[in-house]
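> what's the 3D shape of this:
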Amino acid sequence: MSAVPRFPSETPQTASVCSPLSVSIDRSQSRCGGSIRPHCTPPGERTLFSLLCAAMQPLGTTLYVYGGGWNLDDTGAGREAVTPFPSPAWKTFFLSQDEGYDYRRFRGSGCNPWHSAGLDCSGYLGWVIYAALHRKSGLEGYVYPSTEMAGALAARGLGRLVRPPCHFLPGDLFSMEGHIWLCVGVCRDESLVIAHSSPTPSRRTGCPGGGVQLSAIPVCDSRPRCEALDLARRYMSQFPVWSRRYEAVSRPRTLYTVPGTNSNSGLFRWSALRDPEGIRSMTAGQVLQKLFG
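As a prediction, the model looks like this:
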């Protein structure tokens, strides 16, 4: 993992920080939920709907941590990523931080002692996949370097790799250079709502924090305002502590829909997941309504 950068702007910096066990929680922030909570399905149902439901569980309560979801040897899935339930440590760490959280401060030298406190992009989607496929903990995980994760999943017979992608459908994963994201849905204006773990600047301090969130990919980079951005803002506002710190953002289409030079990058489309709910035929708005309704 360490040989492959997870995102073009994510250059980790080391710093001396306290042990994760010494984190204190700000009890004034203990209510992170809003009036609408994402739907939760039993783990291991192996449907597109269960995949997207799993993707919503850490939403707005899990910070970006470099190496989060990986094991201490940096070779694959950590313990938190091979259980079908969200780790309580993710929310605890989120509540212990404020607008000044900077993911670059939580990168220890050698083995990262903060790997269990949050999730990076591949750790997040590795956990989501595990929760959609399995009912018990401790099986083989799905955390791979982000740029080649699509190809690695295809090699395991879970679906197929498409290069270049012709169009996106709900549940598709996309490995780009240094990042991976999940397509939640396509809007009527053809913009995309995506779920991913990525640093975004704090509204107050500008520090790169963020984490598991909904973002938008517009049809045209010169017009970042789109239906997908309106939906991302609407649903992320259901997490008031998060939305006070971070704003839902658009990501550039010219970057986010271009596979890397690695032959394992590109679009991954599922064959191992059923779609009895007809998720693939829904718009992004309909998918989100079903997930949160």
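> and for the closest residue in space to residue 65 that isn't next to it in sequence, the neighbour number?
In this structure, residue 65 finds its nearest non-sequential neighbour in residue 118, 3.3 Å apart by CB to CB, 6 or more residues apart in numbering. (Glycine included, C-beta is placed from N, CA and C.) Neighbour count for residue 118, taken as other CB atoms under 10 Å: 33.
> what's the closest non-adjacent residue to residue 119?
The shortest distance from residue 119 to any non-neighbouring residue, by CB to CB, 6+ apart, is to residue 68 (4.2 Å).
> ignore the last one, residue 58
Residue 58 sits nearest to residue 212 (CB to CB, 6+ apart), 4.5 Å away.
> show me what the helix or strand that the one you found is a member of is packed against.
Using DSSP states H and E, residue 212 sits in strand 211-217. Judged by 3 or more CB pairs under 8 Å, 6 or more residues apart in numbering; DSSP states H and E, strand 211-217 is in contact with strand 192-198, helix 227-236.
> which of the ones you listed sits most buried?
Comparing those by mean neighbour count (mean count of other CB atoms under 10 Å), strand 192-198 comes out on top with a mean of 26.
> which parts of the protein are helices?
For the chain, the helices defined by DSSP state H cover 48-56, 88-96, 121-133, 149-155, 227-236, 240-245, 253-256, 284-292.
> residue 39: neighbour count?
15.
> gap between it and residue 53?
Separation of residue 39 from residue 53 (CB to CB, to the nearest Å): 5 Å.
> now the common contact residues for those two.
residue 291 (CB atoms under 8 Å, 6 or more residues apart in numbering).
> thinking residue 274 is in contact with residue 51, fair?
No - with contact defined as CB atoms under 8 Å, residue 274 does not reach residue 51; the gap is 10.5 Å.
> how about low-confidence regions in the stretch 101-250 of the chain?
Within the stretch 101-250 of the chain, the stretches with pLDDT under 70 are 108-112.
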